[in-house]
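> Pasting a predicted model and its sequence here:
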Amino acid sequence: MTTNHHTEPAQSKTDYLNEAFIRNPHPIYAEVREQESVSRFLLPSGHYAWLVTAYEDVAAVLSDSRFVTNHPVEEGVELPSHVEIISRNLSNVDATDHRRLRRLVQKAFTPRMVDQLRGRIEELTNDLLDQVQAKGEMNLIEDFAFPLPIKVICEMLGVPIEDQDKFSDWSSAIMEGFNNPKHAERSEQALIAFIDYLQHLIARRRSDLKQDLISDLIRVEEDGDMLSEHELYAMIFVLIIAGHETTVNLIGNGVLSLLEHPEQLEQLKNEPELIHSAIEEILRYDGPVEVNNMRLATEDVELQGKQIRKGEMVFVALASANRDDNHFTDPNTFDITRKVNDHLAFGKGIHFCMGAPLARLEGEIAISTLLRRMPELRLKTNRESLNWRHGIIIRGLKEIPLVF
Ligand code: HEM
């Protein structure tokens, strides 16, 4: 008889998938932080993983090189070639590989480049609002928050306008497949079409470089080092995927939080310059990434008295860290004038969101323009009838019907 030295530690009884949790996870995270801030939970796949919920521990895990994002492929599992290509992207590699990729892309994706986009983001924002202004109502997600970021990133990359709808469809289909295995087949087809398209677009750019991010990514070179063809696909993929669903919900969750706090909404309308701290507060109070990308322990690590063993999966709950009362004063108060706000909505450490300046700019322009052009906006239904998306990675609403 063999003895099992790896007895499974006690599991949390918390049900992270029930409707009440999805509507409002914060009271439950508060209990979990209080009772067992590092706990075991069951993934939908049937595997167990660790969930880390307190601010200081979340920050520590994200800054600790013993926790990596680079997932070894299970023995005997062969990934289809296109999945393998995009899985070696910036957010899934660590240490030297990560430093090299991040340095190369950072040369193309500069704060100056982002700032130059301001005028164009304003135009795209106004175009979308022009289409609904006369109707007096809209679905904030479908009509505004969803199309805006994909248009911005497509323009930045240099994807021709006539192809942008295809890009948007592929991006949604690929994401659906990650969120729900039922959609895996459609997702894979979308991925094949996406890579095929990129191959042609990149080939065209190689022979005729332009002033766009794809051309800049082709151009970047440091000490003779460049991005390979596959690395280019993976980089473009991660820029689109990482920046899309997230920014949609920065706008959606932000507008909802403002509508739920009318005195804060009034203050923002009267003092539009508060938009910068308002965006930071939206990110803290109800940020788009509820639980961050998975980490794997490369060695045994003790955290809050718990033994995390080499090879075990660790998830950090950014949404919980951002409401931790051991770190923030009155964490459940939505205060757009909050002065000290070192939230973790963009992560921390080497994988800190590369698109943060772009996301902030898009959020600021989208929400300020909306409030200026539709100052009377309000929810068309009551809050209880709004549907939240399922899953604990992305936090956001399926639709937000507004009248204005
Ligand atoms: C409000 C919007 C956004 C939020 C809340 C957000 C959040 C995050 C978070 C939490 C991470 C860290 C992942 C980890 O630690 O494993 C991350 C990474 C990343 N984000 Fe964002 N993101 C947003 C928008 C964007 C945009 C607009 C882009 C680009 C167009 C972008 C590109 C990236 C990339 C490339 C990474 C990987 C960085 C690395 O691994 O070095 N994000 N983001």
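Looks like it arrived, so ask away.
> And for the residue in the chain positioned nearest to the ligand, nearest residue in space, chain neighbours not counted?
Evaluated by CB to the nearest ligand atom, the chain has residue 355 as its residue closest to the ligand, separated by 1.9 Å. For every residue, glycine as well, the C-beta is placed using N, CA and C. Closest residue in space to residue 355, ignoring its immediate chain neighbours: residue 243 at 4.7 Å, by CB to CB, 6 or more residues apart in numbering.
> does the helix or strand hosting the one you found come close to the ligand?
In the assignment (DSSP states H and E), residue 243 maps to helix 229-260. Yes - Helix 229-260 lies within reach of the ligand by CB under 6 Å from any ligand atom, at 238, 239, 242, 243, 246, 247, 250.
> Could you check the pLDDT of the first one?
If I follow you right, that is residue 238. pLDDT for residue 238: 91.
> Quick one: residues contacting it.
By CB atoms under 8 Å, 6 or more residues apart in numbering, the contact list for residue 238 reads 86, 89, 90, 91.
> residues in contact with the first one?
Okay, so that is residue 86. Counting by CB under 8 Å, 6+ apart, residue 86 has contacts 191, 195, 233, 234, 237, 238.
> mind running it again at 6 Å?
234, 237 (CB atoms under 6 Å, 6 or more residues apart in numbering).
> Could you list the low-pLDDT ranges of the stretch 51-200 of the chain?
72-77, 79, 179-180 (pLDDT under 70).
> about what we covered before: between the residues of helix 229-260 next to the ligand, which has the most around it?
Among the residues of helix 229-260 next to the ligand, residue 250 has the most neighbours (other CB atoms under 10 Å), with 27 neighbours.
> How about that residue, nearest residue that isn't a chain neighbour?
That would be residue 363: by CB to CB, 6+ apart, it lies 4.6 Å from residue 250.
> Tell me the secondary structure at the one you found.
Three-state assignment for residue 363 (DSSP: H, G, I helix; E, B strand; the rest coil): helix.
> And for it, the neighbour number?
25.
> The protein: strands as residue ranges?
Secondary structure of the chain (DSSP state E): strands at 38-42, 48-52, 67-68, 137-139, 295-297, 301-303, 306-308, 313-316, 378-379, 401-403.
> Near the ligand, which residues of the stretch 51-200 of the chain are found?
Going by CB under 6 Å from any ligand atom, the residues of the stretch 51-200 of the chain near the ligand are 62, 69, 90, 91, 102, 153.
> Most neighbours among the residues you listed, which one?
Ranking these using other CB under 10 Å puts residue 153 first, with 25 neighbours.
> now that one: how far from residue 242?
Applying CB to CB, to the nearest Å, the value for residue 153 to residue 242 is 10 Å.
> Could you do residue 328 as well?
In terms of CB to CB, residue 328 sits 26 Å off from residue 242.
> who are the neighbours in contact with residue 104?
220, 227.
> Apologies, that question was intended for residue 216.
Residue 216 touches residue 108, counting by CB under 6 Å, 6+ apart.
> ok, now with 8 Å
107, 108, 113.
> buried subset of those?
Buried members of those, scored by 16 or more other CB atoms under 10 Å, are 108, 113.
> from the contacts of residue 216, which is closest to residue 343?
Nearest to residue 343 among the contacts of residue 216 is residue 113, at 24.9 Å by CB to CB.
> pretty sure that closest one contacts residue 211?
No - if you go by CB atoms under 8 Å, residue 113 and residue 211 don't touch, sitting 9.9 Å apart.
> Tell me where the stretch 151-300 of the chain has helices.
In the stretch 151-300 of the chain, the helices defined using DSSP state H, counting those that start in this stretch lie at 164-179, 184-207, 213-219, 229-260, 262-270, 275-286.
> Need the residues of the stretch 51-200 of the chain next to the ligand in CSV (columns: distance to residue 218).
Below are those laid out as CSV (distance: CB to CB, whole Å):
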residue, distance to residue 218
62, 31
69, 26
90, 17
91, 21
102, 17
153, 17
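> For the most centrally placed residue in the chain, give its distance to residue 240.
Nearest to the geometric centre of the chain sits residue 246, at 3.7 Å (CA atoms, centre = their mean). Residue 246 is 11 Å from residue 240, where distance means CB to CB.
> what do you get for residue 146?
13 Å.
> do residue 38 as well
34 Å.
> show me what contacts the residue lying closest to residue 138 once chain neighbours are set aside?
Once flanking residues are discounted, residue 138 sits nearest to residue 132: 4.1 Å by CB to CB, 6+ apart. Contact partners of residue 132, counting by CB under 8 Å, 6+ apart, are 138, 143, 144.
> What pLDDT is listed against the closest residue to residue 341 other than its chain neighbours?
Nearest residue to residue 341 in three dimensions, chain neighbours excluded: residue 280, at 4.7 Å (CB to CB, 6+ apart). Here, the pLDDT recorded for residue 280 equals 98.
> Number of residues surrounding residue 280?
Neighbours of residue 280 (other CB under 10 Å): 18.
> how many other residues sit next to the nearest residue to residue 166 once chain neighbours are set aside?
Nearest non-adjacent residue to residue 166, counting by CB to CB, 6+ apart: residue 197, 7.2 Å away. Residue 197: 15 surrounding residues under other CB under 10 Å.
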